[in-house]
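Student: how would this look folded up:
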Amino acid sequence: MLKSKTFLKKTRAGGVVKIVREHYLRDDIGCGAPGCAACGGAHEGPVLEPQPLDPASSLCPRPHYLLPDTNVLLHQIDVLEDPAIRNVIVLQTVLQEVRNRSAPVYKRIRDVTNNQEKHFYTFTNEHHRETYVEQEQGENANDRNDRAIRVAAKWYNEHLKKMSAENHLQVLFITNDRKNKEKAIEEGIPAFTCEEYVKSLTANPELIDRLACLSEEGNEIENGRIIFSEHLPLSKLQQGIKSGTYLQGTFRASRENYLEATVWIHGDTEEDKEIILQGLKNLNRAVHEDIVAIELLPKNQWVAPSSVVLHDEGQNEDDVEKEEEREHILKTAVSEKMLKPTGRVVGIIKRNWRPYCGMLSKSDIKESRRHLFTPADRRIPRIRIETRQASALEGRRIIVAIDGWPRNSRYPNGHFVKNLGEVGEKETETEVLLLEHDVPHQPFSQAVLSFLPKMPWSITEKDMKNREDLRHLCVCSVDPPGCTDIDDALHCRELENGNLEVGVHIADVSHFIRPGNALDQESARRGTTVYLCEKRIDMVPELLSSNLCSLRCNVDRLAFSCIWEMNHVAEILKVRFTKSVINSKASLTYAEAQMRIDSAAMNDDITTSLRGLNKLAKILKKRRIEKGALTLSSPEVRFHMDSETHDPIDLQTKELRETNSMVEEFMLLANISVAKKIHEEFSEHALLRKHPAPPPSNYEILVKAAKSKNLEIKTDTAKSLADSLDRADSPTFPYVNTLLRILATRCMMQAVYFCSGMDNDFHHYGLASPIYTHFTSPIRRYADIIVHRLLAVAIGADCTYPELTDKHKLADLCKNLNFRHKMAQYAQRASVAFHTQLFFKSKGIVSEEAYILFVRKNAIVVLIPKYGLEGTVFFEEKDKPKPKLIYDDEVPSLKIEDTVFHIFDKVKVKIMLDSSNLQHQKIRMSLVEPQIPGISILADTPNMDSDEPERKKKKHEK
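Tutor: Below you'll find the predicted structure:
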């Protein structure tokens, strides 16, 4: 049956067009209940169970199916995902509304629907003759959809009665909308709120904890005192943003001070990019990463970013007076030029809440069901939850979701989602780390794996099309020990004309991952492989990463080759690119390659090739540095693991050899050569990588630090910075140069991917290169796969596809890749920090030499070269007399009693693991030397009794 809808629409030119929409109604859409004679098995995909043996409900003891409305799906998805909830009918009307309102929830509901064990059935009620409803005159779209859902619920109940009278199957309509529920009951539909239904499942009391609390009145804290000002409605915010009264931006909470945040203003103008917010009332219930509207405060109320470290240590009480006291600490006298534009949050444009990992801070009140949850991420406020299983959840990592934040509550309200495991356990902490950094780490789905080549795999004639056979070349790979995902291999040989041929061969991953399929989409979503201390989260399935795409020795592998003809002074005479087949003759570690180059006894082809490469690499590096490329330093750490327990037993900074540099030089050269080629061919949609020059203000700390040691650092160009870093040496303090380079790294901007048609600044500051991209690691970076596809089209080795030449799609892809790379970096750092804690847990207390990297108002940040470890030494401790501190921002220096500390001063610190706060176990550092009465401690005395962590732990458990 055909319905048609006709309406008139005004065009931009002012004309009027008549639009006719056709809507097909059918009789053959199945209800999803197996054994239904009326439908005759017309259903496809997952179906409902014939006899739902779901947990018994005291409200409805008969077997039943559930039919939720849109709001239940949007807000109670955590309940629906629980294994206890099965046999749910998801209406097309509901699914479409969810899709329009929340992409993440839509994805989660699709995943649940695809899970055969859950028996969720999607019913296309909008195309079923008996359940389709037309919008009536004067009825808004929302009311029409509510009516459509009730019509479908009623139809289901009558339809199932016909199926079998003795079966007594019922469909329960679940809605939290009071009016909708009343109307349903009037129409004879069994209807309940989500809360009523969940509480009736007596066999599953834990489900109650997963309910999102939405009725703000019921959850507002009894004292009823209004703490925050009201958020303005969206319409007012949009008007205000348009007129310039308000500014829109992303809210970024501070890790170090819970009473401070910054808002990054969206827009093209560079000035006032960052607005500062200080004090609870000005933060006005915004949560990290929310999109907010802010109002600028008058200039006389502007503040300076505070140098105080403040963490929310409060227990369950809403102690607002104490907060106000703490806010006064922030307002210290500062010079006029330190003041920054300051504002307050007037409304929320978009909430960007996610599920948060953390721990329960159990309430002091004995039988209380209300507790505070402390997130692992210090930028997230504590969350109030109701749970009956507080005792079982103590000392465990859990996930909690935020539901809302009433005006009179010091903290937001939320609900329990999942128990991850015991705190401090390696598996639990790794899971927390991956979830907190939004690293996709679920096993690859069947849909993704179905696009992998079938084993046993071999190179066919079809694969050889548009491909050169380079198996005769003496190619070898050089990688870190234990590397299984070998992306790159090299060769170097002398040509008959006396010149050298140098080749970089990169795994041809784009041959296996074809555009647009599930494997490609999943790789694009992951964006990068994430390397943790003992775990690798692959971007592509293992069959590719460690086998078919890994350029292992003595097997034929498909590659993408970049081949140069060079003279003996490393000048490029010709360059060509080709898809190829190679057979690597050796997979070496950096140490093995170095040994071959240095050993006079070895003169085989591989060694000769390595020596040629090494000689050219040294010339390339020298030339790059002359141009102004930066050689910066970061203390990288390696753990030696116990083979049995996999616990770290030793920790050392990584040693870099000549061969590391050799491989790096040719990778850089290949990336630059490919960048030029793809930009020549595709000036508007080449995927490139740039590194912006830092604004001069970024270097202030570096210049001041050098000056305090009577050294001069020039920062006007990358070349002058590189040269002045090379000159900055002190015979009495040789380590100062490394410290300056570490500090210079902190001043840098983040390198980012971008689309050439959307930007005009291509320069890579750190490499001093006018153009750059990533081509050499397609196994572990998705950007390289796109670059391979562009290059393949450029040389005629593969065909293009629409998304590849759409600069807007490419720009969106770059945005995701930049986010994933940043998160991977943070996850790696967090993994190193966790393994460092494990190391010091077994090592006990040690004293080591350290250097000051930064001075703060009440602390110094130090680096311990031996372990590549950074930490903070605090000088103000709770319940101890406060020392006399004088902080000078200009030098910068910190005077404690009569001792002055400058950046790069050498100190001695004691390192130990502080487990007093289970959630944030941390490496604690105390000053040993120089001796300051009342501050320094003796090197060999532990400043905690062995039972101290235990005692503090009990306080935490209150």
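Student: per the record, what domains does the chain have?
Tutor: What the TED database lists as the domains of the chain is 42-210, 234-311+334-422, 446-692+752-826, 696-747, 844-929.
Student: So what would you say the end-to-end distance of the longest one is?
Tutor: This means domain 446-692+752-826. 29 Å (Cα to Cα, to the nearest Å).
Student: what about it, distance to the chain center?
Tutor: The chain centroid and the centroid of domain 446-692+752-826 are separated by 24 Å, computed with Cα atoms, centre = their mean, to the nearest Å.
Student: Take the domains of the chain and lay them out in JSON lines including distance to residue 436.
Tutor: No exception for glycine: its C-beta is placed from N, CA and C like everyone else's. Formatted as JSON lines, the domains of the chain follow (distance: least, Cβ to Cβ, whole Å):
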{"stretch": "domain 42-210", "distance to residue 436": "16"}
{"stretch": "domain 234-311+334-422", "distance to residue 436": "5"}
{"stretch": "domain 446-692+752-826", "distance to residue 436": "9"}
{"stretch": "domain 696-747", "distance to residue 436": "23"}
{"stretch": "domain 844-929", "distance to residue 436": "12"}
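Student: mind putting those domains in CSV, mean pLDDT, distance to residue 834 and mean neighbour count included?
Tutor: CSV is the format used below for the domains of the chain (pLDDT from 0 to 100; distance: least, Cβ to Cβ, whole Å; neighbours: other Cβ atoms under 10 Å):
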stretch, mean pLDDT, distance to residue 834, mean neighbour count
domain 42-210, 84, 27, 18
domain 234-311+334-422, 83, 11, 18
domain 446-692+752-826, 87, 8, 18
domain 696-747, 77, 22, 16
domain 844-929, 77, 9, 17
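Student: ok, which stretches of the stretch 801-950 of the chain are helices?
Tutor: 807-843, 948-956 (DSSP state H, counting those that start in this stretch).
Student: need those helices in CSV with distance to residue 185, can you?
Tutor: Below are the helices of the stretch 801-950 of the chain laid out as CSV (distance: least, Cβ to Cβ, whole Å):
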stretch, distance to residue 185
helix 807-843, 46
helix 948-956, 48
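Student: of all those, which lies closest to residue 264?
Tutor: helix 807-843 (14.4 Å; Cβ to Cβ).
Student: Which elements pack onto whichever strand or helix holds residue 182?
Tutor: Residue 182 is part of helix 178-186 when elements are defined by DSSP states H and E. Where contact means 3 or more Cβ pairs under 8 Å, 6 or more residues apart in numbering; DSSP states H and E, helix 178-186 is packed against helix 141-163, strand 191-192.
Student: Any idea which of the ones you listed gets closest to residue 723?
Tutor: Using Cβ to Cβ, those put helix 141-163 closest to residue 723, at 66.5 Å.
Student: What's the end-to-end length of stretch 768-775?
Tutor: 18 Å.
Student: Please list the residues outside it that contact it.
Tutor: With contact meaning Cβ atoms under 8 Å, 6 or more residues apart in numbering, stretch 768-775 is reached by 506, 560, 562, 624, 627-630, 668, 670-672, 674-676, 678-679, 686-691, 718-719, 753, 762-764, 781, 783-784, 787-788, 791.
Student: Ok, stretch 127-143 next?
Tutor: For stretch 127-143, using Cβ under 8 Å, 6+ apart, the contacting residues are 1, 3, 23-27, 29, 92, 123, 125-126, 144, 147-148, 151-152, 155.
Student: Looks like residue 437 contacts residue 830 (just checking).
Tutor: Yes. Counting by Cβ atoms under 8 Å, residue 437 does reach residue 830; the two are 7.0 Å apart.
Student: picking up where we left off before, and the helices of the stretch 801-950 of the chain: which comes nearest residue 406?
Tutor: Per Cβ to Cβ, nearest to residue 406 of the helices of the stretch 801-950 of the chain: helix 948-956, 26.6 Å.
Student: tell me the mean pLDDT over the closest one?
Tutor: Regarding helix 948-956, the rounded mean pLDDT is 35.
Student: can you tell me the helix or strand for residue 411?
Tutor: With DSSP H and E as criterion, residue 411 is part of no helix or strand.
Student: and what of the one 5 residues further on?
Tutor: Using DSSP H and E, residue 416 maps to strand 413-422.
Student: From the contact counts, what lies against that strand?
Tutor: strand 383-386, helix 390-393, strand 396-404, helix 426-436.
Student: Which elements pack onto the longest one?
Tutor: Put plainly, it is helix 426-436. Counting contacts by 3+ Cβ pairs under 8 Å, 6+ apart, helix 426-436 packs against strand 356-361, strand 396-404, strand 413-422, helix 807-843.
Student: Residue 593: which of those is closest?
Tutor: Taking the helices and strands packed on helix 426-436 one by one with Cβ to Cβ, helix 807-843 is closest: 25.1 Å.
Student: Can you check what angle separates that closest one from helix 426-436?
Tutor: 150 degrees (axes from the mean of the first three to the mean of the last three Cα atoms, to 10 degrees).
Student: any chance of the helices and strands packed on helix 178-186 in CSV, with distance to residue 712 too?
Tutor: Output for the helices and strands packed on helix 178-186, formatted as CSV (distance: least, Cβ to Cβ, whole Å):
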stretch, distance to residue 712
helix 141-163, 68
strand 191-192, 75
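Student: Would you tell me which of those gets closest to residue 348?
Tutor: Of all these, helix 141-163 comes closest under Cβ to Cβ, at 21.8 Å.
Student: Work out the gap between that closest one and the centre of the chain.
Tutor: The mean C-alpha position of helix 141-163 is separated from the chain mean by 42 Å, Cα atoms, centre = their mean.
Student: same thing with stretch 887-896?
Tutor: Per Cα atoms, centre = their mean, the centroid offset for stretch 887-896 relative to its chain is 36 Å.
Student: Does residue 291 touch residue 247 like I think?
Tutor: No. The criterion here is Cβ under 8 Å, and residue 291 misses it with residue 247 at 11.4 Å.
Student: Out of the helices and strands packed on helix 178-186, the one nearest residue 549 is which?
Tutor: Nearest to residue 549, of these and by Cβ to Cβ, is helix 141-163 at 48.3 Å.
Student: what angle do the closest one and helix 178-186 make?
Tutor: 30 degrees.
Student: Using CSV, list the CA coordinates for helix 141-163.
Tutor: What follows is helix 141-163, C-alpha atoms only, in CSV (Å, rounded to 0.1, in the frame of the first residue of the first chain):
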residue,chain,number,x,y,z
ALA,A,141,6.2,15.6,15.8
ASN,A,142,7.0,14.6,19.4
ASP,A,143,3.4,13.8,20.3
ARG,A,144,2.9,12.0,17.0
ASN,A,145,5.9,9.8,17.8
ASP,A,146,4.6,9.1,21.3
ARG,A,147,1.3,8.1,19.8
ALA,A,148,3.0,5.9,17.2
ILE,A,149,4.9,4.1,20.0
ARG,A,150,1.6,3.5,22.0
VAL,A,151,-0.1,2.2,18.8
ALA,A,152,2.7,-0.3,18.2
ALA,A,153,2.6,-1.4,21.9
LYS,A,154,-1.2,-1.9,21.7
TRP,A,155,-0.9,-3.8,18.4
TYR,A,156,1.7,-6.1,19.8
ASN,A,157,-0.4,-7.1,22.8
GLU,A,158,-3.4,-7.9,20.6
HIS,A,159,-1.3,-9.6,18.0
LEU,A,160,0.4,-11.9,20.6
LYS,A,161,-3.0,-12.9,22.0
LYS,A,162,-4.0,-14.3,18.6
MET,A,163,-0.7,-16.2,18.5
